[in-house]
Structure formats: C-alpha cells, structure tokens
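Asker: Coordinates only, no sequence provided:
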C-alpha cells in the first residue's frame, strides 16, 4: 500500500479537522476539501493508508479484553461526556456550526444526550443481545455435544451519517462492545463529533486496548485512491454504511467474498393520527405539538423525522389540525429550530404548484424556514423536506397504512392504544419501528435498528465443532 496520498497544500485560515489514528490524536493541514452542505473549506492531516489498517498477523488490541472491563470503561466515558464540562465537545459544537446545516444549538442539545448511549443499563441491554460469554470466549452450545461458538471481533470500516451526532456515539459504543478494530470515516457534515468522543476516551487511559482499536479520519466519499486500497478483505471484514443510494452503490462494488456490507439504508418516516385527536380543541393542539416534534427532529434531516401524516377525519377537520401543526412547527424544540433551513428552490416550486390547486390541496405557511404544511387527500408526489410536512385526510387510518413500504423506517401513532391495530400490517409492508406519536427520536441500545440487532452483526460468529 502507498504510505501517503499527495494532496493540495492547505491555507491556514480554513477550518481545521483533526484525525484520531489507532489511539493517537493527529492534527495537520496537509489536505484541503470543501464541505458538502455549507460549502466552506477545511483541512486535515495527511492520510497514510498503512496507518488505517490493523495487520491481520496479530489480534486486534481489544480482542481478549474482558467485556466487563469494556463496559466499565464506556460508563466512565459517558460520565465524562457531560457537555457543560467537556471542552472537546464544546469545541466540536462550535466548529460544527461551520460545517453542519443543523446549527450549533441543535448540535449542542444533541451532544447533551450522547451520554445516554453510555449508560450502563443501555450498554448491558445491547451486549446481552450477543451474550457476555460469547463475547469473552468460546461458549458451549446450548444444543449440547462438542460444539462451541464465539462472537469473534471483526475488523470494520464505518461510513457514518452526519445528519445526527448521535450516530458517532452509537458507532463507538457498539464498536467497543464488539471488541473489534474500527475505522470511522468522518462525514463532511459532522467532522468533529467522533474525534471529540475518542479524545475523551483517550483521556481516561490513552494506552487502553479499546482506545487503540479506533481510528477516525476524513476522505471524500468515492475517492478510489483511498477506498480501493482499504476496502479489501485482507484488511477488513465488514463495511458499515449509513448513506444514500449513490453511496451504497459505490461501496457495493468493493463487496465480495470475505468483505460484508452492513447497511443502514436511507429511510423516511410518517405518522398515523386517529379520529381521537378531535375529542376537543385542546386535545387537537396537544396532538399537533407531539406530531410537530417528530417533524422537527434535526430540522427534518433525520430518518426518523415524519414527512407524511395521515389523519382520520374530514378535509375540514384536517385543515383545523394543519393550523395547529403549523403553529407548533414554528416553535423551537431541542432538535429543531423555530427558524429552520429555507426550503430549496425545487421544493418551493412544488409547493407553489399545489397551492394553485385548491381546494384539492391547501398550503399552510410560507417558505420562510418556520415550516409549511400541505393538506391533501392523497400523498403528494414529491419529497417533503426542510420542515415541510404533507397532511393527508383519510376516512380510515388503514388507508395510511397502505402507503407504508420498505423505505418507511418509523411510524408514530396516536393514540397509543391503536398501535397494536396496525403494527402487523406495517411490519408486513416493511416498516421497522412503531412508536407513540412524538417519540420518534426516543431510542436506545438493545433495540433493533433497521430491522436487525447491530451488535449481533458487528461480530463474526465462529463455530468450533467436534470433540477436542
């Protein structure tokens, strides 16, 4: 492998992005890139491909570290990730405001929730999916006979998403629990979170095997000079990819025997709101507020954010609800600004087009970043985004259930009592989560993600069969 990549010399005024390579914090301005979202330039240290891999000739640093010790380490990490006292996270939030469309306030509020990922009960819940015994060594099969299995640590590349800083926290927690070695590709819209968490981990014990099991570095997605060199079975077992269709297709060309793709595919989410919402005007307002919380998650940039809401009632009922929803969208929340991103020109054109088709459609709000609501009797044929939601009036919520498909991740339901009525049909359609309305953001370790248990797939299940 080539030792280094030749890059354009960088100017000192650009945003400086550090790397964390096999336990060591690295800075430098050897390469210059441009942010995908905000367009600003940033610099990184030189990328040495030989430093991005852990040789297979020796076990990974944490392969034989007891899982109890790893859990204790992660719990201490969570305690040190309190935003008010963690200078690394504070610096990362300030820098992220220059590269992330989420803005500093939403990033800071998300950072305040990252310690929840490292709560002992959450870590234990995720670990028990695999089992401590299988993670710590060869475990006799429950089927009896001379058969042992081990959840063997993997060598992994993580192409993480930048639409929520929580993704980096989840990746580090699950990576540490799996005991493997992990190369995290930093996304251009979240260049600082993973490194800030790993620097905090190194402050606990810079020589700990888990610390030496992680790297975090940036290269442009699709850069064949990098990816053709490291996406190889002789270096890694799995590529964990969060991304869009183009990104997935690019990665898939490297996938072959010995190199597995674990994909967290791009998803959209929706809501089902029953006729019970119209019990009173106060109830309707409260339901609209809960529904707005699901729309505003990371200013609608997250997969869990609701884009279509099916409401059981007449067109006149739906219009009353839309007025309350628009008001709620314009208010600040932890994960969404009252004044969010301005809609794209393409979205504005779509909204303007349907606004001329009243009464079949009705548009509430303006393209000013405070949110828009489009009421219709069938879903619009474009993708609502930038705090824009399509409210569809239906006679029965089963009409909304029929609109779910394999690209639907989360469905929020009101009232809670009706979740059981629809969950089998939603699951059959391809939906992966059914939650109470307003709780799309609530999740934790130990639960399925995209219809599988991530830690179960992060390890390699190896069998030892036959009598010793």
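Answerer: In hand now; what should we look at? Predicted model only: the values in this text are computed from it and were never measured.
Asker: Spatially, what comes nearest to residue 259 if we skip its sequence neighbours?
Answerer: Nearest non-adjacent residue to residue 259, counting by C-beta to C-beta, 6 or more residues apart in numbering: residue 233, 4.4 Å away. (C-beta placed from N, C-alpha, C; glycine too.)
Asker: now do residue 448
Answerer: Using C-beta to C-beta, 6+ apart, the closest residue to residue 448 is residue 432 (7.0 Å).
Asker: how does the chain divide into domains?
Answerer: According to automatic domain parsing, the chain comprises the domains 15-265+450-465, 268-436.
Asker: and the gap between the closest residue in space to residue 245 that isn't next to it in sequence and residue 231?
Answerer: Leaving out its chain neighbours, the residue that sits closest to residue 245 by C-beta to C-beta, 6+ apart is residue 266, at 7.0 Å. For residue 266, the distance to residue 231 equals 20 Å [C-beta to C-beta, to the nearest Å].
Asker: Who has more neighbours out of the two?
Answerer: Taking other C-beta atoms under 10 Å, residue 266 and residue 231 do not tie; residue 231 has more neighbours (21 against 16).
Asker: does the more buried one really touch residue 254, like I thought?
Answerer: Yes. Counting by C-beta atoms under 8 Å, residue 254 is a contact partner of residue 231 at 3.8 Å.
Asker: tell me the contacts of the most centrally placed residue in the chain?
Answerer: Centroid-nearest residue in the chain, with C-alpha atoms, centre = their mean: residue 167, separated by 4.2 Å. Contacts of residue 167 were listed using C-beta atoms under 8 Å, 6 or more residues apart in numbering, and they are 160-161, 190, 242.
Asker: of the domains of the chain, which approaches residue 443 most closely?
Answerer: In this view, the domains of the chain are compared for proximity to residue 443 by C-beta to C-beta, and domain 268-436 is the closest at 7.8 Å.
Asker: any idea how far the closest one is from the chain center?
Answerer: Domain 268-436 sits 21 Å away from the centroid of its parent chain (C-alpha atoms, centre = their mean, to the nearest Å).
Asker: how far does that domain stretch from start to finish?
Answerer: 17 Å (C-alpha to C-alpha, to the nearest Å).
Asker: what's the answer for stretch 453-467, then?
Answerer: End to end - C-alpha to C-alpha - stretch 453-467 spans 31 Å.
Asker: tell me the mean pLDDT over it?
Answerer: For stretch 453-467, mean pLDDT is 92.
Asker: Stretch 331-340 now?
Answerer: On average, stretch 331-340 scores 81.
Asker: Can you give me the buried ones in it?
Answerer: 333, 335-337, 340 (16 or more other C-beta atoms under 10 Å).
Asker: Now do that stretch: everything it contacts.
Answerer: 103, 105-106, 109-110, 292-293, 295-300, 302, 330, 368-371, 386-387, 441.
Asker: Give me the buried subset of the contacts of residue 167.
Answerer: Of the contacts of residue 167, these count as buried by 16+ other C-beta under 10 Å: 160-161, 190, 242.
Asker: check contacts around the closest residue to residue 67 other than its chain neighbours.
Answerer: Nearest non-adjacent residue to residue 67, counting by C-beta to C-beta, 6+ apart: residue 135, 4.7 Å away. Residues near residue 135 by C-beta under 8 Å, 6+ apart: 67, 127, 151, 177-179, 459.
Asker: Please give the element, helix or strand, for residue 135.
Answerer: helix 132-136 (DSSP states H and E).
Asker: what's the helix or strand following that helix packed up against?
Answerer: Where DSSP H and E defines the elements, the next helix or strand beyond helix 132-136 is strand 139-140. Here strand 139-140 touches strand 147-152, going by 3 or more C-beta pairs under 8 Å, 6 or more residues apart in numbering; DSSP states H and E.
Asker: contacts for the strand it packs on?
Answerer: With C-beta under 8 Å, 6+ apart, strand 147-152 has contacts from 130-131, 134-135, 137-141, 178, 459-465.
Asker: Number of residues surrounding the residue nearest to residue 259?
Answerer: 16.
Asker: Contacts only, for it.
Answerer: Contacts of residue 233 (C-beta under 8 Å, 6+ apart): 256-259.
Asker: Centre of the chain to the lowest-mean-pLDDT helix or strand in the chain, how far?
Answerer: In the chain, no helix or strand scores lower on mean pLDDT, DSSP states H and E than helix 245-252, which sits at a mean of 81. Put simply, helix 245-252 sits 17 Å off its chain's centre (C-alpha atoms, centre = their mean).
Asker: ok, now stretch 94-103?
Answerer: 17 Å.
Asker: next one: stretch 217-229
Answerer: Its chain's C-alpha centre and that of stretch 217-229 lie 21 Å apart, by C-alpha atoms, centre = their mean.
Asker: What is the end-to-end distance of it?
Answerer: Termini of stretch 217-229 sit 15 Å apart (C-alpha to C-alpha).
Asker: who touches it?
Answerer: 1-2, 5, 17, 19-21, 33, 44, 47, 49, 52, 159, 183-186, 188, 191, 243, 247, 250-251, 254.
Asker: In PyMOL, how would I select the buried members of the residues you listed?
Answerer: Buried members of those can be picked out in PyMOL with the line below, counting by 16+ other C-beta under 10 Å:
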select buried, resi 5+17+19+20+21+33+44+47+49+52+159+183+184+185+186+188+191+243+247+250+251+254
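Asker: how many neighbours does the nearest residue to residue 114 once chain neighbours are set aside have?
Answerer: Excluding its sequence neighbours, the residue lying closest to residue 114 (C-beta to C-beta, 6+ apart) is residue 169, at 4.4 Å. For residue 169, the count of nearby residues is 24 (other C-beta under 10 Å).
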